[in-house]
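**Q** Here is a sequence with its predicted model. Questions after.
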Amino acid sequence: MPSIKISINKFISDHQPGFVECSFTDAWGKLHIVEEKVPIVTDKDLNANSHYPQEGFIDCEVLKK
């Protein structure tokens, strides 16, 4: 599945499996903020003591080429 690169900005919850706040900028320059489970966006074992920002990826669907 295709994916886009995101910035993992901060750890927001240790509720299992842990949640992070992520961001990316779209093709039109609009900033998007996403809250997601750690294992969805990275294979790293991130927690509140990890250094941020970190690089991650989020799956996407190509609607039109």
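**A** Nice, I can see it. It should be emphasised that the depicted structure is a prediction, and the values quoted were computed from it without experimental measurement.

**Q** before we move on, what SS does residue 39 have?
**A** The three-state assignment at residue 39 reads helix, by DSSP: H, G, I helix; E, B strand; the rest coil.

**Q** That one: what's it in contact with?
**A** Residues in contact with residue 39, defined by CB atoms under 8 Å, 6 or more residues apart in numbering, are residue 17. Heads up, the C-betas are built off the backbone N, CA and C, glycines and all.

**Q** How much space separates it from residue 18?
**A** Relative to residue 18, residue 39 is positioned 8 Å away (CB to CB, to the nearest Å).

**Q** Could you pull up the mean pLDDT of stretch 8-25?
**A** Mean pLDDT, stretch 8-25: 97.

**Q** Show me how far that stretch is from its chain's centre.
**A** 7 Å (CA atoms, centre = their mean, to the nearest Å).

**Q** what's the answer for stretch 40-47, then?
**A** Mean-position distance between stretch 40-47 and its chain equals 9 Å (CA atoms, centre = their mean).

**Q** And stretch 55-65, by the same measure?
**A** 12 Å.

**Q** three-state assignment of the residue most central in space within the chain?
**A** Compute the mean C-alpha point of the chain, and by CA atoms, centre = their mean the closest residue is residue 22, 4.0 Å away. Secondary structure, three-state DSSP: residue 22 is strand.

**Q** Verify the stated contact: it with residue 10.
**A** No. Using CB atoms under 8 Å, residue 22 is not in contact with residue 10, being 9.1 Å away.

**Q** shared neighbours, those two?
**A** With CB under 8 Å, 6+ apart as the test, residue 22 and residue 10 reach no residue in common.

**Q** This structure: strands as residue ranges?
**A** Secondary structure of the chain (DSSP state E): strands at 3-13, 19-25, 31-37, 54-59.

**Q** Which stretch among those strands approaches residue 44 most closely?
**A** Counting by CB to CB, residue 44 lies closest to strand 54-59 out of the strands of the chain; the figure is 6.7 Å.

**Q** And for residue 51, the neighbour number?
**A** As a burial measure, residue 51 scores 6 neighbours (other CB atoms under 10 Å).

**Q** All set now, cheers.
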